[in-house]
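Asker: Sharing a model that was predicted from the sequence below.
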Amino acid sequence: MNISVELVKQLRDITMASLKDCKESLVEAEGDLNKAQEILKKKGIASAGKKWDRETKEGKIGYLIKDKKIAVVKLGCETDFVAKNDLFTNLVQSVLDIAINHEVSSFDELDDSVKTQINETIAEIIAKLGENMKVLQLFVKTIPSEDVFVYTHAGSKLISVIYYNSIAWDVSEEIKKVALQVAAMDPKHLTIDHIPAEHISLMTKEFEEEVKASGKPEAVMPSIVAGKLNKKYSEIVLHEQGYMGDETQKIKNIIEGKATLIGFERIGFAN
C-alpha cells in the first residue's frame, strides 16, 4: 500500500516515533491514522519491557495537592537530558493525576489495574524517548495538618514537605526555613519523643561502651553519655538541629509561638 510522506510525518508529529516505525504502522493499519497510533502504542509497550532492567539514577520528583491529599512521586530515567524533557515532565504529572485518588504508602500498594495504567503511560514515553523510566518512590496520603508547605530544589531532584499548624498570622518565612533545613540536613525524626525507645537504648549502650573503653572514671559516665546523646539528637532530630543560617538557634526556637510542626517528608535522588 502506498503511504504518503505527509501522512508518515503527521503520525511522527503525534507520536514522536521513528519515521520507519510510523511508516510500518501505517502500512499495517492500511493508512488509518488512529489504528496506526494504537499499533505504535502496543509496540512501544512491548519494546519498553526490554529496557526495564536498565538503571534509572536520574529523574524528577513531583507532587500534587488535591482535596486535602498529597501525592508525591519520584520518577527515574537514565539521563539528565531526558529528565529535562517536556514529555518526561508531563509524565510525572500524569502519574500523579492517576495516583492521587488512591491513598498508599508505596507504588506496590496500588491496585493492579492502577499500576497497569501507570506502567502503560510510562511505556508510551519510553517508546518515544528510548530510555528506561520507572516509579522509584510514590506515596499518597491525607495531609495530617491544617497547612502544608513543599520546597522543591533546583531541577526537581529533591523536595521537602512540611506539615504544620499555624499559631501566628503569617509563618511563611519560618516554615520556609524549616523546609530548607529538612532538605539540607536530612533529619530522621521530628522530636526526641519520636525516636523509638529501642533506638535510644541502643545508642545509650553504644556510648556507655565507648566511655568505658576510654578509661574515664565511672562516676562521670552518665554526664558524658548524656552529652553524646544530646549531640546525636542535634544531628538526627529536626527540633534539636541548629538552624543552618544561625547555629545559635535550634529549629524549635525558630518556630516557637508561631507554628506547631506535625511532620515532614524528604524525597531526593542520591546525586
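Answerer: Structure received. Residues are numbered from 1 along each chain as shown.

Asker: after the helix or strand of the chain with the lowest mean pLDDT comes which helix or strand?
Answerer: Between all helices and strands in the chain, the lowest mean by mean pLDDT, DSSP states H and E belongs to helix 33-49, at a mean of 70. Later in the chain than helix 33-49, the nearest helix or strand by DSSP states H and E is strand 58-66.

Asker: Adjacent strands (with direction) for that following strand?
Answerer: Sheet pairing here is set by DSSP bridges, and for strand 58-66 it gives strand 69-77 (antiparallel).

Asker: So what's the residue count around residue 199?
Answerer: One way to gauge burial is a neighbour count; for residue 199, by other CB atoms under 10 Å, it gives 12. Any C-beta I mention is one placed from the backbone N, CA and C, and that applies to glycine too.

Asker: Distance of residue 222 relative to residue 90?
Answerer: Counting by CB to CB, to the nearest Å, the gap from residue 222 to residue 90 is 59 Å.

Asker: Output stretch 226-239 as PDB - backbone C-alpha positions only.
Answerer: Written as PDB, here are the backbone C-alpha positions of stretch 226-239 (Å, rounded to 0.1, in the frame of the first residue of the first chain):
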ATOM      1  CA  ALA A 226      24.100  12.400  78.200                       C
ATOM      2  CA  GLY A 227      26.400  14.800  76.300                       C
ATOM      3  CA  LYS A 228      26.900  12.300  73.500                       C
ATOM      4  CA  LEU A 229      23.200  11.600  73.300                       C
ATOM      5  CA  ASN A 230      22.400  15.300  73.100                       C
ATOM      6  CA  LYS A 231      25.000  15.700  70.300                       C
ATOM      7  CA  LYS A 232      23.400  12.800  68.400                       C
ATOM      8  CA  TYR A 233      19.900  14.400  68.900                       C
ATOM      9  CA  SER A 234      21.200  17.600  67.400                       C
ATOM     10  CA  GLU A 235      22.100  15.700  64.200                       C
ATOM     11  CA  ILE A 236      19.100  13.500  63.700                       C
ATOM     12  CA  VAL A 237      16.200  15.400  65.300                       C
ATOM     13  CA  LEU A 238      14.700  18.300  63.400                       C
ATOM     14  CA  HIS A 239      13.600  20.200  66.600                       C
END
